[in-house]
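Engineer: Structure for the following, please:
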Amino acid sequence: MSPLQVFARKKREQTPLAMIALSDAPAAQIACEAGIDAILVGDSLGNTALGFDSTIPVTMDDIAHHLQAVLRGVKASSRPEVPLIADMPFGSYATPEVGVQNAVRLMQLGAHGVKIEGTQSIDDSTGRVFELCQLAGIPVMGHIGFTPQSELQFENVVQGRTASDAGKLLEQAFTLQKAGCFALVLEAMTTQVAHQITAFLSVPTVGIGAGKNCSGQVLVWHDLVGITAKPFKMAHAFASTRQIWMDAIQSYCHEVESAQFPASENGWEMAPDAAQEWAEQRTRKERQKNEN
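Structural biologist: Next comes the predicted model:
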C-alpha cells in the first residue's frame, strides 16, 4: 500500500491531516516521532534554510539534496512509512519533457510524490506535465491560490476575495483533480472559497492560510517551532524555540570566554601510568637532544 493512502483515508474518515514542510534529517526524525502524517520537502527551504528572499532561486539540485537528508531522517525514526512529497522548483517543469524527467529523478531519490504549482488549462504545457507524470506512475499534488513561484504575477497575496476570483479558483481545482492530482494545496485564500473547494472535490485539500475547513493543514517547520523571526499571518508558532536557541548560544559564548567550558567531564584524561610513561619518554628525548 502506498504511504500516500493516508491522504485519502483521512479525508474519508473526516479527520484533518497534519503535514509539515521541512528540509533536514533531525527535523524529519523528530516530526515522525511526534506523529506527523506527511512531510513536504518544499521550495520554502530557499527562505528557511538557504537564506534567499524567495523560492525562485531554488534548484532541482537543492531539492534533491534536502530530499535525501529528510529521507534519512524519516528512515531513522520509528515511523519510516511517513510519506514524502517533493516540490518541483521554479523552472523545473518549464517544458513537459523536462518536467517529467525531473519528477522521475525525485521519485528515484525516494519521494512518494511531487508537488507542482500550476493552475493553467489541462491542454497547455503545465497540463501536459501532469499527463506525462500520470503515464509514468508519478503521484502529483497540485497547488493553487497564492503560488510563491509566480509571486511576481500576483497583485495581492490573499486569493478569492471576489466572486470572479472564487469561481476561477474552483475551476482550477476541478481542472487539477481531472488531471489526476491525489491532493491539492490551497494557499492564502479566503476561508469561504477553500471550504467550497474542499466540499466539491473528491480528492483531499491541504490548507496553509486557507482556514480550518480543508482536509488537512501544512506548516513550515521554522514557523511551527518558532524559529522564524517574523512569521506570516497564516503561520502559527506552537513553541518559541528561537529564544531557546539564542539563550543556549549566549550561554556557550559566556562559558567559553570564562573558561568554564569545556569542563573535565567534557574530555578524556590519560591513565596515570600512561601519563607517567609518556613524561619519561619526553624526558629521555629531551636529554638525548641536549647531548647531541
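Engineer: Poorly predicted segments of this protein, please.
Structural biologist: The chain contains residues with pLDDT under 70 at 119-126, 150-155.
Engineer: which residue ranges form the strands in it?
Structural biologist: 17-21, 38-41, 84-87, 113-117, 140-145, 183-187, 205-208, 216-220 (DSSP state E).
Engineer: Make JSON lines out of the ones you listed and add distance to residue 104 and mean neighbour count.
Structural biologist: For the C-beta atoms, the positions are set from N, CA and C on the backbone; glycine is no exception. Shown next, in JSON lines, are the strands of the chain (distance: least, Cβ to Cβ, whole Å; neighbours: other Cβ atoms under 10 Å):
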{"stretch": "strand 17-21", "distance to residue 104": "22", "mean neighbour count": "23"}
{"stretch": "strand 38-41", "distance to residue 104": "16", "mean neighbour count": "28"}
{"stretch": "strand 84-87", "distance to residue 104": "12", "mean neighbour count": "28"}
{"stretch": "strand 113-117", "distance to residue 104": "9", "mean neighbour count": "25"}
{"stretch": "strand 140-145", "distance to residue 104": "12", "mean neighbour count": "26"}
{"stretch": "strand 183-187", "distance to residue 104": "20", "mean neighbour count": "27"}
{"stretch": "strand 205-208", "distance to residue 104": "24", "mean neighbour count": "27"}
{"stretch": "strand 216-220", "distance to residue 104": "24", "mean neighbour count": "23"}
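Engineer: Could you dump the ones you listed into TSV with distance to residue 107 added?
Structural biologist: Formatted as TSV, those follow (distance: least, Cβ to Cβ, whole Å):
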stretch	distance to residue 107
strand 17-21	18
strand 38-41	13
strand 84-87	8
strand 113-117	7
strand 140-145	11
strand 183-187	16
strand 205-208	20
strand 216-220	20
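Engineer: closest one to residue 279 among the ones you listed?
Structural biologist: Proximity to residue 279 (Cβ to Cβ) singles out strand 38-41 among the strands of the chain, at 54.9 Å.
Engineer: now the closest one, how far from the chain's geometric center?
Structural biologist: 5 Å (Cα atoms, centre = their mean, to the nearest Å).
Engineer: Over to stretch 157-164?
Structural biologist: Worked out by Cα atoms, centre = their mean, stretch 157-164 lies 27 Å from the chain centre.
Engineer: mind checking the end-to-end distance for that stretch?
Structural biologist: 16 Å (Cα to Cα, to the nearest Å).
Engineer: Please work out which residues outside that stretch touch it.
Structural biologist: 145-146, 165-166, 169, 188-190, 192-194, 209 (Cβ atoms under 8 Å, 6 or more residues apart in numbering).
Engineer: same thing but 10 Å
Structural biologist: The contact list for stretch 157-164 (Cβ atoms under 10 Å, 6 or more residues apart in numbering) reads 144-148, 151, 165-170, 172, 186-194, 196-197, 209-210, 232-234.
Engineer: Give the buried residues for that stretch.
Structural biologist: Buried residues in stretch 157-164, defined by neighbour count with 16 or more other Cβ atoms under 10 Å: 157-160.
Engineer: Among the contacts of stretch 157-164, which ones are in helices?
Structural biologist: Filtering the contacts of stretch 157-164 for membership in helices, criterion DSSP state H, returns 165-170, 172, 191-194, 196-197.
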